[in-house]
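Student: Okay, predicted coordinates and the sequence, questions at the end:
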Amino acid sequence: MLQNLSQEVHRRTRADPTLPRIGAIGLAIAVGIAYFVAAQLGLALLTKPDGVAVFWPAAGVSSGVLIVLGRDARLPVASGVMVATIIANLTGDRNIWSATVFALCNAGEALLTAWLIERYFGSGFSPDRLRHMLGLLAAAIVATAASGVGGTMAFKLFHSPTAPLWTIWGHWFASDAVGIITVAPLMIGFAKALRKPPPPNEIIEGIVALVVLAVINAITVLLPPESWEPALPPALLFPFLLWIAARCQPVFAAAAVFIVSLTIVWTITFGLGHFGDTALPIGDRILEAQIAILGIALKAYVLAALFAERRHHEAVLEESEARLQEALTVGAVMAFEWGPRSGLSQRSENAAQILGFDPRQAFTAAQFLARVHPDDRAGFKALINKVSVDSPGYSVTFRFVRPDGREVWLEETSRAEFDAAGRVVRLKGLTRDITRRKEAEQRQDLLIAELDHRVKNVLARVAVVAMHTRQGSGTMDEFVRALGGRSNTITAAHSLLSQSRWYGVGLTDLIRHQLAPYTTDANTTICGPDVMLTSAETQAVAMVIHELVTNAAKHGALSSPSGRVSVSWDRSGSEAAAILTVTWRELGGPPIAAAAQSGYGSSLIRDLIPHELGGTVDLVFASDGACCKIEIPLERR
């Protein structure tokens, strides 16, 4: 509550300058009330003959609050402690002068304790760490020893001049140190539990354990003096302290220490049990009680801190292991360790996913080797057998047949450890699933082979076209123009195929592309369903349409303003035996010369489709215009 109040005050400081003052005053009042109540408890348990408290829990209240809230709370906490100390002493048998000195000593004690903690452990003090708890013990000893000097002098001057100095200082030192050690960890642990509450089941278990501990502790300290043995309380309480430390957060161990300490001091004050045995000197009983409290506190805090650190380390290891497993899974990598002598092998959790076996069943090295592809097994075994001190590692790529029959590619890298005689003790390494990489390499090889095949075909076609074009050309200029047009057609077909990643080209796009240089919307008609041509069909149809367009532009309908060209197509038959029929018709053009009917272009139109695609071509040069009917058996899609 105090911590939340302080944080709220700091958050609103910029908006209203009066709020820091209000927050500081509220904190001082809250600390003062808590300190006064704790001081009254200490004074209620006051012992004779010197009148110094055996147990001063107020010291733990002030020190705990300062450690939790930090240096910004120094002034409010010190003010609250001083006011509460003066009021508590004045309501007893102390005068104003001794009460004032006691107030200064108590405030300085809390400030010194908190400063030492901050100096050596920073603001991240935690009861979960053994080093921090031992540091708190050391800080309490230093601070109470220093404040005890001032308190002793004030007690001698203003209250009991005849009391022994050493006795007064010893009681002050011991009572305040016990108060800090028993109460401050409880407040620090409680503040931490408020920030990060324990699970409900842990809270229930901790409360039950504290109740059982309180009952056992009461029975122990209230035993008759004659049946009490020094080793009995620790022996009876230790299992419950161990239970609380191992199963719960340190705040429950601090609560256990407070319960035990309060019970012991209460029995001294009211003369109950061993510590209240009047047959023993009061000084001896006080010393025994404080030693018992200190011993139980140290045991509880050490156990709680050790178990807390262990839980923290286990959580860190689990988180690290989870991150490692996640990284291995994402990278399709598994770690393994194999002992050749014992035959035992261990693999990371993702091995079952990569290798395809049931994770609930053991998968031995022999079973792994048996599933290495037969063609790769001998080489794999030979590499393992060659491992030696001079050659301690190997790297190999092999195929592995999973239990479901799927074949995967694995890449394994390993390194051996040897004993003094040079024999292999174990092999450690990583195995990576490279199936996707291998499949990509295979696809790349196929693409390269296909590209090589297509390039050869294109070069062969260009060579044939060049030869026949030269034979049918009268002049070099005519040859160059004809060869350029036909090579451009081949290039254009390849461009269309490249744009579709060689999946195919639409017949509509192909025909429009070939007619584009010579036609307008007025002299051409194109119609037909959507038909996708394969790469082979695209190149052959493109060459034929190019020759038809060239003939029409030179000798036919496209050479006359009144001429028109109609290209239509249809698809018939089933999916397994589909036939594409393309009809080319020219109207309104001049009579076609004999040279156009018998040249290389006409031969290419008639022969290319039957030769490369197994289709038929019917080319007729009628008086009213050329007509070409092409039928192509389509590959099964």
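Tutor: Cool, got the structure.
Student: C-alpha from now on. contacts and neighbour counts both.
Tutor: OK.
Student: Contact partners for the spatially closest residue to residue 103 that is not a sequence neighbour?
Tutor: Spatial nearest neighbour of residue 103, excluding adjacent residues (Cα to Cα, 6 or more residues apart in numbering): residue 82 at 4.4 Å. Contacts here follow Cα atoms under 8 Å, 6 or more residues apart in numbering; on that basis residue 82 touches 32, 100, 103-104, 106-107.
Student: And residue 82, what's its pLDDT?
Tutor: pLDDT for residue 82: 91.
Student: Report the backbone C-alpha coordinates of the longest strand seen in the chain in PDB.
Tutor: Once the chain is assigned using DSSP state E, the strand that runs over the most residues is strand 407-418. This file holds the C-alpha atoms of strand 407-418, laid out as PDB (Å, rounded to 0.1, in the frame of the first residue of the first chain):
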ATOM      1  CA  GLU A 407      12.200 -40.100 -48.100                       C
ATOM      2  CA  VAL A 408      14.000 -37.100 -46.700                       C
ATOM      3  CA  TRP A 409      17.500 -35.700 -47.100                       C
ATOM      4  CA  LEU A 410      19.600 -35.200 -44.000                       C
ATOM      5  CA  GLU A 411      22.900 -33.400 -43.500                       C
ATOM      6  CA  GLU A 412      24.800 -34.500 -40.400                       C
ATOM      7  CA  THR A 413      27.900 -32.900 -38.800                       C
ATOM      8  CA  SER A 414      29.400 -34.600 -35.800                       C
ATOM      9  CA  ARG A 415      32.500 -34.500 -33.600                       C
ATOM     10  CA  ALA A 416      33.800 -37.300 -31.300                       C
ATOM     11  CA  GLU A 417      35.100 -37.300 -27.700                       C
ATOM     12  CA  PHE A 418      37.900 -39.800 -26.800                       C
END
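Student: now, among the contacts of residue 82, which is nearest to residue 617?
Tutor: Distance to residue 617 across the contacts of residue 82 (Cα to Cα) is lowest for residue 32, with 110.0 Å.
Student: Run a quick neighbour tally on the closest one.
Tutor: By other Cα atoms under 10 Å, 26 other residues sit near residue 32.
Student: Surely it touches residue 80?
Tutor: Yes - using Cα atoms under 8 Å, residue 32 is in contact with residue 80, at 4.0 Å.
Student: Show the average pLDDT along the helix or strand hosting residue 354.
Tutor: Assigned by DSSP states H and E, residue 354 belongs to helix 351-355. The average pLDDT within helix 351-355 is 81.
Student: tell me the two of the contacts of residue 82 that are most distant?
Tutor: Spatial extent of the contacts of residue 82 (Cα to Cα) is set by the pair 32 and 100 at 14.9 Å.
Student: how about the strands in this protein?
Tutor: Ranges of strands in the chain, per DSSP E, are 333-338, 345-347, 393-401, 407-418, 424-433, 505-506, 524-527, 532-533, 564-572, 579-587, 616-622, 625-633.
Student: which helices and strands does the fourth one pack with?
Tutor: It stands for strand 407-418. Helices and strands touching strand 407-418, by 3 or more Cα pairs under 8 Å, 6 or more residues apart in numbering; DSSP states H and E, are strand 393-401, strand 424-433, helix 435-471.
Student: could you redo the last one with a cut-off of 6 Å?
Tutor: Under the contact definition 3 or more Cα pairs under 6 Å, 6 or more residues apart in numbering; DSSP states H and E, strand 407-418 sits against strand 393-401, strand 424-433.
Student: Would you mind giving those as CSV with mean pLDDT added?
Tutor: Below are those laid out as CSV (pLDDT from 0 to 100):
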stretch, mean pLDDT
strand 393-401, 89
strand 424-433, 86
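Student: for the ones you listed, which one sits closest to residue 132?
Tutor: strand 424-433 (39.7 Å).
Student: Next, the angle strand 333-338 makes with the longest helix along the chain.
Tutor: For the chain, the helix with the greatest residue count under DSSP state H is helix 282-330. With axes from the mean of the first three to the mean of the last three Cα atoms, to 10 degrees defining the directions, helix 282-330 sits at 110 degrees from strand 333-338.
Student: what about helix 282-330, distance to the chain center?
Tutor: Mean-position distance between helix 282-330 and its chain equals 27 Å (Cα atoms, centre = their mean, to the nearest Å).
Student: Same check on stretch 347-356?
Tutor: That offset, for stretch 347-356, works out to 20 Å (Cα atoms, centre = their mean).
Student: buried sites along it?
Tutor: Across stretch 347-356, burial judged by 16 or more other Cα atoms under 10 Å covers 347-352, 354-355.
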